[in-house]
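Asks: Coordinates only, no sequence provided:
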């Protein structure tokens, strides 16, 4: 026998499906689910999230960003600004922190992630712009694997330049690579969001 919470959740799902089929906004559908079932907002939200996970409901933005600049100015791009902030903190740990213990360990940690994860992460975001293309574990594994492939190529190219393989050229080249791939990913994600909204 199901618990009262499960019964409310099931009833909330039914009300949400009916409301969303009637072209209601998500806010209106959640309000109707709360009124129709007596469920709290968190319970109604969990029911909606459950419907999305079960792929019974697809949520799209009614006013998607029209340009990449607009995309970067909205909540979609937290991943992008987080990546740029990480690059800035890494550069700060390399150039601003004293280079002796215990500060040097901060540099090691940020530098290791910047070399072993960040280039692959931005490439994966560019190659697979849709969240549902890969799950989190696949993204993590591919990010590390592709970083291990990209960074030696950058080092090989730097070896044949006048700058050579030194700290500053490596930091600059990996930063340029990361920012470039992140911008490509942002363009692809924005176009996907716009196309998904038009398809509805």
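Replies: Sure thing, it's come through. Keep in mind the model is a prediction, meaning the values are calculated, not measured. Numbers count the residues shown, from 1 in each chain.
Asks: Would you mind listing where the protein has pLDDT under the threshold?
Replies: Along the chain, the parts satisfying pLDDT under 70 run over 1-6, 199-200.
Asks: Give me the domain ranges for it.
Replies: Each domain of the chain is listed here as a residue range: 4-53, 68-199, per automatic domain parsing.
Asks: how about TSV for those domains, with mean neighbour count added?
Replies: Using the backbone N, CA and C atoms, a C-beta is placed for each residue, glycine as well. Below are the domains of the chain laid out as TSV (neighbours: other Cβ atoms under 10 Å):
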stretch	mean neighbour count
domain 4-53	16
domain 68-199	15
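Asks: Select, out of those, the one closest to residue 60.
Replies: domain 68-199 (5.1 Å; Cβ to Cβ).
Asks: Is it possible to get CSV of the domains of the chain that adds distance to residue 62?
Replies: Listed next are the domains of the chain as CSV, based on distance: least, Cβ to Cβ, whole Å:
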stretch, distance to residue 62
domain 4-53, 8
domain 68-199, 7
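Asks: Now do the contacts for residue 175.
Replies: 87, 91 (Cβ atoms under 8 Å, 6 or more residues apart in numbering).
Asks: what's the helix or strand for it?
Replies: Under the criterion of DSSP states H and E, residue 175 resides in helix 167-199.
Asks: Quick one: distance of that helix to the chain centre.
Replies: Relative to its parent chain, helix 167-199 has a centroid offset of 12 Å by Cα atoms, centre = their mean, to the nearest Å.
Asks: before we move on, what about stretch 151-166?
Replies: That offset, for stretch 151-166, works out to 30 Å (Cα atoms, centre = their mean).
Asks: got it, and stretch 137-152?
Replies: 16 Å.
Asks: Show me the contact partners of it.
Replies: 115-121, 123-124, 128, 134, 174, 177.
Asks: again, only this time at 7 Å
Replies: 115, 116, 117, 118, 119, 120, 121, 123, 124 (Cβ atoms under 7 Å, 6 or more residues apart in numbering).
Asks: From residue 66, how far out is the closest residue to the fourth one other than its chain neighbours?
Replies: Spatial nearest neighbour of residue 118, chain neighbours left out: residue 178 (5.4 Å); criterion: Cβ to Cβ, 6 or more residues apart in numbering. Using Cβ to Cβ, to the nearest Å, one gets 26 Å for the distance from residue 178 to residue 66.
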